[in-house]
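In: give me coordinates for this.
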Amino acid sequence: MRILLIGNSKSTEVLADYFTQNPDNIVFSTLNNTSAEFIDIATQNTLELKDFALANEMSLSILCDKESILSPIATEFREAGLNIFAPDNEHKIINSKIWTKKFIYKNKIPTPKFQFFEKPQAAIDCVRKNKFPVVIKPDTFGAIGTRICETFGSAKLAIEEFFDNGFKKVLMEEYAWGKEFSIYTICDGYNPLILCEISKYQNSFASLGVDFLNDKERETLKNEIIIPFVNTLNKENGEYIGILGFNFIKSSEKISLLGINPFFKDIDAQIAIKGVKEDWVKLFESAISGTMCLDFKKINAAQDYILTYEFYENGKKEDICAQAKSFNTARKILYDEGANKNEVEEALKFWKY
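Out: Numbering: from 1, shown residues only. Reported below is the predicted structural model:
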């Protein structure tokens, strides 16, 4: 199997590590310093990437981050007869957070209250009257991400920064209090298949295998939100083939949908990919061919707990991923990597042991 990974995300690195463990695979990556063979072609050089894939007879190509997904790569590869796993880059759900929020609201899915603005002064006038904290996001993907603002001054600066950097619209939403978690699915243009559920710990920790949701809550989210959401998306916006991550927040009163990811978040990548005990080549190929729900009835998850710890050292973000079968092992991993007692307790308090 000849595989090409396109993107500069953590997912690219983790998938490179996964695929190269099979000696029958020949794996190339546009991200340097992975276990795959590096190809020095920028993701914006679509034609050069296509020529490389054709010349090297790639069996499967995967777009691993939002920048590559939003590029024309998938269209060019498909027109050349190349097998590629990625949604259509014209899907509005991957290039407009405002469109996504409106889609969520239209489908009567609980979500924090939101407004959007096309003029900076209108947004500033509105935020002046808001309760804080408030969440402010650019509508489209870019180098600047979401801001959680606790004062009018910080909110005003965020709004001005977004518009000054060329964003045409900003999304402002009510800050939701509660425990965040994500449910990742893989879609074949017909139905979604749930891959895993990942819980967040103060935006620094994540784990797979915790009993954060009960079975009734899981079934409700699957049957009343995720499946109807994807079915409506396919009907109204074209078939979606790719990863969809549903970002939720659970309070004492309800579970709300915050937003959608078109691939794995960096902090979730290792957990999601290593936590699924299935053949990822077969998963991707089944999704592309539209036979996923015939080939897979249910995803098998890892039996071990998987822990990701994200931290900063000398200004540079580092990630640690480890598998731990017991609370004590997980605790030792965190202490060895420099986490303090409060961080460890917060990270592990929902774990079964």
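In: where do the helices sit along the stretch 201-350 of the chain?
Out: For the stretch 201-350 of the chain, the helices defined by DSSP state H, counting those that start in this stretch occupy 215-221, 227-237, 266-275, 280-289, 292-295, 327-336, 341-348.
In: now the last one - C-alpha only, PDB.
Out: In PDB, the C-alpha atoms belonging to helix 341-348 read as follows (Å, rounded to 0.1, in the frame of the first residue of the first chain):
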ATOM      1  CA  LYS A 341      -0.700  17.700  41.900                       C
ATOM      2  CA  ASN A 342      -3.800  19.800  41.100                       C
ATOM      3  CA  GLU A 343      -3.400  19.100  37.300                       C
ATOM      4  CA  VAL A 344      -3.000  15.400  37.900                       C
ATOM      5  CA  GLU A 345      -6.100  15.200  40.100                       C
ATOM      6  CA  GLU A 346      -8.200  17.200  37.600                       C
ATOM      7  CA  ALA A 347      -7.000  15.100  34.700                       C
ATOM      8  CA  LEU A 348      -7.800  11.800  36.300                       C
END
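In: give me the angle between that helix and helix 327-336.
Out: 140 degrees (axes from the mean of the first three to the mean of the last three Cα atoms, to 10 degrees).
In: distance check, Ala302 against Tyr184.
Out: Going from Ala302 to Tyr184 by Cβ to Cβ, to the nearest Å gives 14 Å. Every C-beta, even on glycine, is put in place using the N, C-alpha and C of the backbone.
In: for Gly7, same thing?
Out: Counting by Cβ to Cβ, the gap from Gly7 to Tyr184 is 16 Å.
In: kindly report the same for Lys106.
Out: 23 Å.
In: chain neighbours aside, what residue packs nearest to Phe114?
Out: Glu173 (3.9 Å; Cβ to Cβ, 6 or more residues apart in numbering).
In: contact partners of whichever strand or helix holds that neighbour?
Out: When elements are assigned from DSSP states H and E, Glu173 belongs to strand 170-174. Strand 170-174 is contacted by residues 97-98, 101, 112-117, 123, 126-127, 130-131, 134-139, 159, 162-163 when judged by Cβ atoms under 8 Å, 6 or more residues apart in numbering.
In: quick one on the thing from earlier: compare Ala302 and Tyr184 and say which is more crowded by neighbours.
Out: For Ala302 versus Tyr184, neighbours defined as other Cβ atoms under 10 Å are more numerous around Tyr184 (27 against 15).
In: contact partners for the more buried one?
Out: Taking Cβ under 8 Å, 6+ apart as the test, what Tyr184 contacts is Ile194, Leu195, Cys196, Glu197, Ile198, Ile243, Leu244, Gly245, Phe246, Phe264, Asp268, Ala272.
In: from the residues you listed, which land in strands?
Out: Ile194, Leu195, Cys196, Glu197, Ile198, Ile243, Leu244, Gly245, Phe246 (DSSP state E).
In: across the sheet, point out what pairs with the last one.
Out: Following DSSP bridges, Phe246 is listed with bridge partners Ile183, Ile260.
In: same question for the fourth one.
Out: When assigned by DSSP bridges, Glu197 has beta-bridge partners Ile183.
In: thinking it is in contact with Glu180, fair?
Out: No. Judged on Cβ atoms under 8 Å, Glu197 makes no contact with Glu180 at a distance of 11.7 Å.
In: for stretch 55-74, buried residues please.
Out: For stretch 55-74, a neighbour-count test (16 or more other Cβ atoms under 10 Å) marks 58-71, 73-74 as buried.
In: which of those residues lies closest to Lys332?
Out: Cys64 (31.5 Å; Cβ to Cβ).
In: OK, contacts around the closest one?
Out: Taking Cβ under 8 Å, 6+ apart as the test, what Cys64 contacts is Leu5, Ile6, Gly7, Ser9, Ser11, Thr12, Leu15, Phe263.
In: quick check: it vs Ile273, distance?
Out: In terms of Cβ to Cβ, Cys64 sits 10 Å off from Ile273.
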